[in-house]
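In: I'll drop the sequence and a predicted model, then ask my questions.
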Amino acid sequence: MTLSLWLSLFTICLLGAMSPGPSLITVTKHSLAGGKINGFAAAWAHAFGIGVYALISMLGLAVIFHQLPWLFNLISYAGAAYLLYLGLGALRSTGGIAAKLNAGEPVTPLKSAKEGLLISLLSPKIALFFAALFSPFVAAVHGLEGKMLIVATPFVVDGLWYTLITLMLSNARLLDKLRHNAVWIDRLSGLVLIALAGKIVLSV
């Protein structure tokens with residue numbers, strides 16, 4: 001893989017990671033509720049899901065979705081249902097940041113990792129990203145090393161981006177302010193997640 005091709009891949013992956021959505025909400029929620037360890041767990045589990053999509057794209061993700069449209073629809077509906085579940089939970093503050101803080105209930109890194117992984121695997125937006133934008137890079141690279149780099153790049157970029165988000169949220173002053181407004185953060189994130197779920201259903 002040439003340097004210019006890799007830089008193009010890196011830029012696309014970074015822009016994809018930086019786009020706001022349920023992934024950002026999830027990492028933020030777990031960073032606030034459980035601290036840096038939970039934020040890191042959610043971030044890198046999410047990155048693992050991204051790596052899975054990158055690997056699948058090497059096997060022809062766009063072709064698979066074209067030949068099996070029901071598979072993409074299944075991923076879309078499952079993702080919408082999961083976002084709806086998370087959104088309703090946040091609105092009721094059952095399982096949201098406020099509920100965890102008020103109850104003094106610890107959020108385990110394993111739970112944070114599980115949610116981070118599911119958010120990435122059940123996101124039709126991520127599936128479409130790889131199907132539409134990743135295919136040209138896959139077609140341009142034939143060697144094993146190049147293919148490994150194609151899979152590793154989105155994984156590392158995604159993990160490092162959300163690690164940076166987690167570190168930014170670990171600032172003591174910012175953390176206190178965010179936790180003080182935990183209920184409103186829950187309600188806002190809940191509305192956003194429900195809206196995203198509706199958008200997915202309407203677009204399928």
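Out: Ah, there it is.

In: separation between the residue positioned nearest the centre of the chain and L86?
Out: Closest residue to the average C-alpha location of the chain: S23 at 3.4 Å, with C-alpha atoms, centre = their mean. From S23 over to L86 the distance is 12 Å, taken as C-beta to C-beta, to the nearest Å. To be clear about C-beta, it is placed using only N, CA and C from the backbone, and glycine gets the same treatment.

In: same deal with W184?
Out: 17 Å.

In: the more surrounded of the two?
Out: The residue with more neighbours, out of W184 and L86, is L86; 25 against 12, by other C-beta atoms under 10 Å.

In: for whatever helix or strand the more buried one lives in, packing partners?
Out: If you go by DSSP states H and E, L86 is part of helix 69-91. Where contact means 3 or more C-beta pairs under 8 Å, 6 or more residues apart in numbering; DSSP states H and E, helix 69-91 is packed against helix 22-34, helix 61-67, helix 109-121, helix 124-129, helix 182-203.

In: which one, of the ones you listed, ends up nearest to F48?
Out: Proximity to F48 (C-beta to C-beta) singles out helix 109-121 among the helices and strands packed on helix 69-91, at 6.2 Å.

In: can you pull the buried residues of that closest one?
Out: P109, K111, S112, A113, E115, G116, L117, L118, I119, S120, L121 (16 or more other C-beta atoms under 10 Å).
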